[in-house]
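# coords below, sequence missing:
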């Protein structure tokens, strides 16, 4: 503890220069147009972000509605053909299911690409933001806490991106293929395989995020207490060990630490808004597609087209997994930044 206190003393003496250099990295190009003008107030920034996100959804609503109308047109045609001739019922259902799958795959593929790009952008920005927050928290006295927060976030962000590239996105494509096959053929085995795969992908996402939040909770309690004790020891050491001016330096260090905390919080607010600027529009865009497909599936069930209904539900479930992936990437950076802003008490 004495050694850590001495290190904190040396760090505090160097703070007047380093504390002024705490600044969040600029938001990437992908999120610049969504970044709010006011980056000093979190509440006002969030309100502006939401307003921009909602106002930008008109083209996405039109596109999702166009796909929905195409699906409903295919369902009406299937019902019309079946009412004319019962002999071609199976053929009509198969042809209609394939046509609907082609429409859905085209739009869903672009959503998968959007989600993947968003997760990569959030991860890349987090790699720039978190070292800044780590430096600021360490300058404020949270040496072990900042190291634990940074290490955990970097590790779990890497795990999420690796899982996305090698498991989640290939798994979503496989799930859509199984769902399409099950709807087209009516094979119950394919349906069970699809449901099992969906459950596994959802469990994997929840598991990564759950372990991450548990890690932050445990390390935050332990390291935060350690840092607080060490910081108090540093102030006492400085006040008693340094002759003549020890008490003056101790009082000055308190002001410097407050300054470092303010700079850290300003960088944290900007970082949160920048992360949400990268996240919000893609999330809303995928969310609109998801909700409209849910409504479309409900309408299809009214017409009695069970195979097309199952197919649309499968694709909406795939979009739901995409929403979970994108939200998990954002939540990791968001929670970590809030923990850095909380600092030591």
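Great, that's in hand. In this text the structure is predicted, and so the values were computed from the model without any measurement.
# Going by C-alpha atoms from here, please, whenever you check contacts or count neighbours.
Noted.
# what's the offset of stretch 53-64 from the middle of its chain?
Put simply, stretch 53-64 sits 21 Å off its chain's centre (C-alpha atoms, centre = their mean, to the nearest Å).
# any idea how far the residue lying closest to residue 154 once chain neighbours are set aside is from residue 211?
Residue nearest to residue 154 in three dimensions, not counting chain neighbours: residue 127, with 7.4 Å by C-alpha to C-alpha, 6 or more residues apart in numbering. Residue 127 is 20 Å from residue 211, where distance means C-alpha to C-alpha, to the nearest Å.
# before we move on, what about residue 269?
Shown here: residue 269 relative to residue 211, a distance of 25 Å by C-alpha to C-alpha.
# what's residue 34 in contact with, if anything?
With contacts defined as C-alpha atoms under 8 Å, 6 or more residues apart in numbering, the neighbours of residue 34 are 49, 52-53, 277-278, 281.
# helix/strand/coil for it?
coil (DSSP: H, G, I helix; E, B strand; the rest coil).
# so what's it scoring on pLDDT?
Confidence at residue 34, expressed as pLDDT, is 87.
# Compare residue 127 and residue 211 and say which is more crowded by neighbours.
Neighbours were counted for residue 127 and for residue 211 using other C-alpha atoms under 10 Å; residue 127 has more, 17 against 12.
# Now that one: phi and psi?
With angles defined as degrees, to the nearest 10, residue 127 sits at phi -70, psi -20.
# how close does residue 273 sit to residue 209?
According to C-alpha to C-alpha, residue 273 stands 21 Å off from residue 209.
# For those two, indicate the residue with more neighbours.
Counting neighbours by other C-alpha under 10 Å for residue 273 and for residue 209 shows that residue 273 has the greater number, 27 against 19.
# so the more buried one touches residue 35, yeah?
Yes. If you go by C-alpha atoms under 8 Å, residue 273 and residue 35 touch, sitting 7.1 Å apart.
# taking the mean pLDDT, what do you get for the one helix or strand residue 281 maps to?
Per DSSP states H and E: residue 281 is located in helix 246-302. The average pLDDT within helix 246-302 is 72.
# for stretch 67-80, same thing?
The pLDDT scores in stretch 67-80 average 84.
# residues making contact with it?
Applying C-alpha under 8 Å, 6+ apart, the contact partners of stretch 67-80 are 92-93, 96, 99-100, 103-104, 292-293, 296, 300, 303, 305, 308.
# Which positions in that stretch come out as buried?
Residues of stretch 67-80 classed as buried: 67-68, 70-72, 74-76, 78-79 (neighbour count, 16 or more other C-alpha atoms under 10 Å).
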